[in-house]
Every structure is written in structure tokens, then in C-alpha cells.
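>>> model this:
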Amino acid sequence: MIRKLILVLIVAVGVVAIGSLFVNRLRYHHQDLKSCFNDAGGLQAGASVRSVRANPQNKNCPAEVEMVLATTYEIGIPNDSVAGIEPDGLLGRPYLSIDTTQASGVSIKDYGYLKSKPSKAALPIGDQIKAADVLLRLFQAAKEADKEIPKDSSPSPRQPSR
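Purely as a prediction, here's the structure:
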């Protein structure tokens with residue numbers, strides 16, 4: 001009898017766990033979009049994009065990026081919005097941005113294509129390391145120069161008392 005009770009309890013917990021995953025998925029609004037770029041600029045499948053496909057034979061779309069937008073609210077991306085690949089800081093991974101500031105069109109449908117803007121050229125990692133090294137040397141030189149400047153040790157004039 002206890003074995004049956006434990007088995008029922010385990011099955012019930014499993015069903016509740018699977019059900020909660022399904023319910024959480026329903027709370028999000030999803031939209032699948034695509035965009036074409038001349039260069040994917042180091043963009044990789046992950047949290048920001050679903051897939052990056054290289055199509056070098058297709059001159060109109062050498063790098064196709066498929067993205068999934070998931071929000072807790074219903075999204076309506078205008079169909080004349082512009083997708084772009086932006087660097088995340090000096091050494092960060094690139095991410096996909098969608099600019100809607102100049103857009104005024106109707107909402108794009110699932111699997112629709114967004115226009116793309118040319119990606120900002122990211123420096124190769126070797127050049128980024130060299131640039132970081134130069135900045136570090138400049139900072140150290142400024143710090144050393146600050147140490148060499150003599151401090152004025154004369155007493156400050158006293159304020160007249162009232």
C-alpha cells in the first residue's frame with residue numbers, strides 16, 4: 001500500500017512539473033523573424049538568435065539570421081524596422097538589435113524578413129588585445145606622471161575670523 005502511495009506521489013509531482021513548464025511557455029509571446037546580412041560579424045546562435053546560416057552563393061543574402069523574440073507582453077514589430085549587429089563593448093560578443101525608431105509600418109508576420117543595416121566592423125581579437133594594452137600603458141604613464149608632479153606644501157592662507 002505504501003509503495004502504491006509513493007508511486008502515485010512521484011507520478012503526480014512529475015505531471016505537475018511538466019505542466020508548469022508548459023504553462024510558463026504559454027505566458028510568453030513569441031515571434032520568429034529573419035534578416036539578411038552581408039556579414040554575420042561573429043553573431044552565433046544562442047540567447048539572441050536561433051540560427052545563423054551562411055549562404056555565400058546567394059549574393060542577396062550571404063548570411064541569414066533567424067531570431068526568436070519572446071516577451072511577457074504581445075509584441076508588434078513594425079515591418080519597416082531595421083535589424084543590425086552591434087558589438088557588446090570592446091571585448092563582448094556581438095548581439096542583434098532591432099531599431100524601430102523610424103518605423104511606422106504594420107506589424108510584421110511570423111517568419112517575415114526585416115531589412116538590415118550594414119554591421120559595424122569589429123576588430124579582430126588580436127587587435128582588441130593590442131588596443132587594450134595601449135590603453136593600459138597610457139593609464140600607467142598618466143599615473144606615473146601624476147606621482148612626479150610636486151605637491152604644493154606651503155600652508156594655505158588663513159581666512160579672517162569674524
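>>> which residues touch Gln44?
Listed by CB atoms under 8 Å, 6 or more residues apart in numbering, the contact partners of Gln44 are 52, 93. Where C-beta positions appear, they are placed from N, C-alpha and C, glycine not excepted.
>>> one more time with 10 Å
51-52, 93-94 (CB atoms under 10 Å, 6 or more residues apart in numbering).
>>> Leu135 versus Ile129, what's the distance?
11 Å (CB to CB, to the nearest Å).
>>> now do Gly76
42 Å.
>>> can you give me the helices in this structure?
Secondary structure of the chain by DSSP state H: the helices cover 2-26, 125-148.
>>> Residues in contact with the first one: which ones?
With CB under 10 Å, 6+ apart as the contact definition, helix 2-26 has outside contacts at Ala70.
>>> tell me the centre residue of this protein?
Taking CA atoms, centre = their mean, the centroid of the chain lies closest to Tyr95, which sits 4.0 Å from it.
>>> Quick check: bridge partners of that one?
Glu86 (DSSP bridges).
>>> That one reaches Val65, doesn't it?
No - assessed by CB atoms under 10 Å, Tyr95 is found out of contact with Val65, at 11.2 Å.
>>> on that earlier part again, switch the helices of the chain over to a markdown table; also include mean neighbour count.
Formatted as a markdown table, those follow (neighbours: other CB atoms under 10 Å):
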| stretch | mean neighbour count |
| --- | --- |
| helix 2-26 | 9 |
| helix 125-148 | 10 |
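>>> among these, which is nearest Val106?
Closest of these to Val106 is helix 2-26, at 25.5 Å (criterion: CB to CB).
>>> pull the CA atoms of stretch 84-98 into PDB?
Taking C-alpha atoms only, stretch 84-98 is exported to PDB below (Å, rounded to 0.1, in the frame of the first residue of the first chain):
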ATOM      1  CA  GLY A  84      21.600  45.300 -37.100                       C
ATOM      2  CA  ILE A  85      24.500  43.500 -35.500                       C
ATOM      3  CA  GLU A  86      26.000  45.500 -32.700                       C
ATOM      4  CA  PRO A  87      29.200  44.900 -30.700                       C
ATOM      5  CA  ASP A  88      28.700  44.500 -26.900                       C
ATOM      6  CA  GLY A  89      31.600  46.700 -25.700                       C
ATOM      7  CA  LEU A  90      35.200  46.300 -26.700                       C
ATOM      8  CA  LEU A  91      35.600  42.600 -26.000                       C
ATOM      9  CA  GLY A  92      31.900  41.500 -25.800                       C
ATOM     10  CA  ARG A  93      30.100  39.200 -28.100                       C
ATOM     11  CA  PRO A  94      28.000  40.800 -30.900                       C
ATOM     12  CA  TYR A  95      24.200  40.900 -30.500                       C
ATOM     13  CA  LEU A  96      21.300  41.600 -32.700                       C
ATOM     14  CA  SER A  97      19.400  44.800 -32.400                       C
ATOM     15  CA  ILE A  98      16.100  45.900 -33.900                       C
END
